[in-house]
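[1] with the sequence up front, the predicted model follows.
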Amino acid sequence: MNSIESLKAEVTKLKIELSSLWPRPGTGSRLRRFVLQACLAAWGLALLAAPAGAAPPSGKLLVAATIVPLGDFCQKIGGDLVQVQVLIPPGASPHVFEPAPSVMARASQARVFVYIGAGLEPWAAKLLRSRGNSGQVVVEAAQGLQLLRETCHHGCEQPGAKPAASHRETEAAPERHLGGNPHIWLDPVLVQDICRKIAGALIQADPDHRARYEANLKEYLAALEALHQEIQQHARAWTLRDFVSFHPSFSYFARRYNLHEAGVIEEAPGREPTPRQLQNLVTAVRRSGIRVVFAEPQFNPRMAEVIAQEAGVKVLMLDPIGGPPPYGSDYLKLMRYNLAALDEALR
Ligand SMILES: [Zn+2]
């Protein structure tokens, strides 16, 4: 069979499937957006249902974090002094998440609010504006970090093409978009910085327990350092340096451990590749001896499967968020799961 023709057919089929999954600007998108938002909001509410009804157990500091890994960092540093709510349910992509007003209300009640920034959660700015002078302590994890721009997380076509507006940029206020790649939490060294910020915020909100937050931070920083050393050790044994990911979520990881993103399937989540881009990816996989194409559990794996089938390689999962078994919400376990997948792909 002509591979370009079969790719074209797959793309058409996928476009129909994906258009029902992802909202995009333009005519006819409002109903889809509404349905998607309603589903995600219901999911989020179900997740929050238990703590939402009651005030946190006495003495506990209420902390809201946008994504699962941030929630885990807060829990590890806060220990039993905090009650952590994760606002974006595991399994949902932060890129398409829009919280219901009730979730926003819960978030604004938290004493400490932790988000990534860098355009990942454009709705957080709305939340911060609406909370006014509540005394809430806010952590923007990306603040002060050098963000990767060259991979154009939410912005470019294949290498050489000029940057284009992303789905977020077209929908959100442009002043809130910092233009960088937001996936900083997938570099365990940058996470150490994020954790110091979180500890600072917890101490600011609850200065009486400074010593315990500092002790927990010290312990978790050591665990993060051990993870970093372990990944470095594995990376030395990798014979391949190129990989193809679903979207540029492992760019900071790649920079830290000297890997090369030979291609991404979707430059921005929801922007499926053209048949030509698909064919380019297949060619890149064949040329660089890549044995695995990565998919992500938050997104439909079909596009990765099409490329893998054409190139005669297999599909493995890299999970940038976490949540489901076997790692659950534990960041260290999540990263070791991803490390095992990379071992299989790159050794
Ligand atoms: Zn992303």
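    Structure's in. What do you need? Numbering: from 1, shown residues only.

[2] so residue 317 touches residue 341, yeah?
    Yes: judged on Cβ atoms under 8 Å, residue 317 makes contact with residue 341 at a distance of 6.4 Å. Every residue, glycine included, has its C-beta placed from N, CA and C.

[3] spit out the residues that contact these two alike.
    Taking Cβ atoms under 8 Å, 6 or more residues apart in numbering as the criterion, residue 317 and residue 341 both touch residue 294.

[4] okay, helices next: where are they in the stretch 1-150 of the chain?
    Using DSSP state H, counting those that start in this stretch, the helices of the stretch 1-150 of the chain run over 3-19, 29-53, 68-78, 101-109, 122-131.

[5] packing partners of the third one?
    Think helix 68-78. Counting contacts by 3 or more Cβ pairs under 8 Å, 6 or more residues apart in numbering; DSSP states H and E, helix 68-78 packs against strand 61-65, strand 82-86, strand 112-115, helix 188-205, helix 210-237, helix 331-346.

[6] and these as JSON lines, adding mean pLDDT?
    As requested, these are exported to JSON lines (pLDDT from 0 to 100):
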{"stretch": "strand 61-65", "mean pLDDT": "97"}
{"stretch": "strand 82-86", "mean pLDDT": "96"}
{"stretch": "strand 112-115", "mean pLDDT": "96"}
{"stretch": "helix 188-205", "mean pLDDT": "98"}
{"stretch": "helix 210-237", "mean pLDDT": "98"}
{"stretch": "helix 331-346", "mean pLDDT": "97"}
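
[7] and these as a markdown table, adding distance to residue 288 and mean neighbour count?
    Below are the helices and strands packed on helix 68-78 laid out as a markdown table (distance: least, Cβ to Cβ, whole Å; neighbours: other Cβ atoms under 10 Å):
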| stretch | distance to residue 288 | mean neighbour count |
| --- | --- | --- |
| strand 61-65 | 37 | 24 |
| strand 82-86 | 37 | 23 |
| strand 112-115 | 36 | 26 |
| helix 188-205 | 26 | 20 |
| helix 210-237 | 17 | 15 |
| helix 331-346 | 11 | 18 |
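
[8] reformat those as a markdown table; add distance to residue 292.
    Putting these into a markdown table (distance: least, Cβ to Cβ, whole Å) gives the following:
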| stretch | distance to residue 292 |
| --- | --- |
| strand 61-65 | 31 |
| strand 82-86 | 29 |
| strand 112-115 | 32 |
| helix 188-205 | 22 |
| helix 210-237 | 15 |
| helix 331-346 | 4 |
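
[9] thinking again about what came up before, mean pLDDT lowest for which of the helices of the stretch 1-150 of the chain?
    Mean pLDDT values for the helices of the stretch 1-150 of the chain show the minimum at helix 29-53, a mean of 41.

[10] give the closest residue to residue 217 in space, chain neighbours not counted.
    Among residues not flanking residue 217 along the chain, residue 199 sits closest, at 4.1 Å (Cβ to Cβ, 6 or more residues apart in numbering).

[11] thought that neighbour was touching residue 79?
    No: checked against Cβ under 8 Å, the pair residue 199 and residue 79 is beyond contact range at 11.3 Å.

[12] which residues do the two both contact?
    Contact criterion Cβ under 8 Å, 6+ apart; residues shared by residue 199 and residue 79: residue 216.

[13] what comes up buried for stretch 250-270?
    250-257, 259, 261-270 (16 or more other Cβ atoms under 10 Å).

[14] pLDDT of that stretch, averaged?
    pLDDT averaged over stretch 250-270 gives 92.
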